[in-house]
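J.: With the input below, show me the fold.
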Amino acid sequence: MSIRAVVWDVDDTLFDYTSADREGMRSHLSAEGLFTGDETAEQALARWREITDQQWARFSAGEVTFEGQRRDRVRVFLGEQLTDARADAWFRRYMAHYEAAWALFPDVLPALDALAASHRHAVLSNSSLTVQDRKLRTLGVHHRFEVILCAAELGVSKPEAGAFLAACEALGLAPHQVAYVGDHPEIDGRGAADAGLLSVWIDRNGAHTSGDAPTGPHRIASLAELPAVLGADTRFGAPSTFG
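T.: Numbers count the residues shown, from 1 in each chain. Model (predicted):
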């Protein structure tokens with residue numbers, strides 16, 4: 001049976017999260033006067049990303065709330081036992097710089113346009129609805145998706161099959177009728193494939209060798225390749241550069 005809907009990851013799939021986080025944190029740390037020690041800007045940015053991943057894992061495991069993982073990111077990064085109010089204030093200042101750098105990848109709108117008439121569209125993100133709803137509205141694409149689901153509200157996160165199946169259920173479609181597009185080879189790629197969806201892993205930078213690639217997902221370098229993978233009747237599709 002043909003694919004009738006595409007469910008999308010957001011960060012580093014539609015939205016250039018890595019660039020926005022890097023530039024936002026660089027601006028924020030400069031404004032906070034935190035580039036004064038032995039740690040270079042790149043080292044500080046790498047440490048922030050590592051702490052973010054660690055705290056998100058705690059949230060995914062149910063050990064802390066969404067707000068709590070944000071506060072703990074700040075506390076660990078600064079090495080200070082801040083009150084909730086002070087941690088929240090620091091994070092809000094960071095968010096102002098981060099949001100100033102928000103942007104879609106250049107291939108997103110052409111892909112959504114090419115598939116608008118042929119496929120239904122939804123979002124499944126390992127974030128919170130509050131965060132991703134606002135982000136998608138700010139980026140001007142919220143209206144493109146009929147369903148937006150996030151781990152914080154679902155109570156289950158990718159790569160658990162339940163997250164992907166919840167998206168299928170919300171669309172009223174069987175997993176084999178749905179494609180999932182995401183940037184992480186395991187969380188998105190293998191997770192969607194194991195749940196029975198058509199899994200499409202976008203590896204824009206080609207950073208993974210063939211030995212690193214999980215089995216199951218279709219691997220693409222650009223969303224320009226997506227219509228061809230879906231078998232869509234469009235001139236937008238391009239052959240995969242990965243073969």
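J.: who are the neighbours of the worst-scoring helix or strand of the chain on mean pLDDT, in terms of helices and strands?
T.: Lowest by mean pLDDT, DSSP states H and E among the helices and strands of the chain is helix 41-60, with a mean of 88. Contacts defined by 3 or more Cβ pairs under 8 Å, 6 or more residues apart in numbering; DSSP states H and E place helix 41-60 against helix 17-31, helix 66-78. Heads up, the C-betas are built off the backbone N, CA and C, glycines and all.
J.: Please enumerate residues in contact with that helix?
T.: Identification of contacts with helix 41-60 by Cβ atoms under 8 Å, 6 or more residues apart in numbering yields 21-22, 25-26, 29, 34-35, 39, 64-66, 68-70, 72-73, 76-77, 126, 151-152, 157.
J.: and those, which are buried?
T.: Using 16 or more other Cβ atoms under 10 Å as the burial test, the contacts of helix 41-60 include 21-22, 25-26, 29, 64, 66, 69-70, 72-73, 76-77, 126, 151-152, 157 as buried.
J.: How is the protein divided into domains?
T.: 5-16+103-230, 17-100 (automatic domain parsing).
J.: Please identify the deepest-packed of those domains.
T.: Highest mean neighbour count among the domains of the chain (mean count of other Cβ atoms under 10 Å): domain 5-16+103-230, with a mean of 19.
J.: Between the two ends of that domain, how far is it?
T.: Using Cα to Cα, to the nearest Å, the end-to-end distance of domain 5-16+103-230 comes to 10 Å.
J.: Likewise for stretch 176-186?
T.: Start-to-end, stretch 176-186 (Cα to Cα) is 19 Å.
J.: Which stretches in the chain count as strands?
T.: For the chain, the strands defined by DSSP state E cover 5-8, 120-125, 147-150, 178-182, 198-202, 218-220.
J.: okay, these in JSON lines with mean pLDDT and distance to residue 52 next?
T.: Listed next are the strands of the chain as JSON lines, based on pLDDT from 0 to 100; distance: least, Cβ to Cβ, whole Å:
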{"stretch": "strand 5-8", "mean pLDDT": "98", "distance to residue 52": "21"}
{"stretch": "strand 120-125", "mean pLDDT": "98", "distance to residue 52": "15"}
{"stretch": "strand 147-150", "mean pLDDT": "97", "distance to residue 52": "17"}
{"stretch": "strand 178-182", "mean pLDDT": "97", "distance to residue 52": "18"}
{"stretch": "strand 198-202", "mean pLDDT": "97", "distance to residue 52": "21"}
{"stretch": "strand 218-220", "mean pLDDT": "94", "distance to residue 52": "25"}
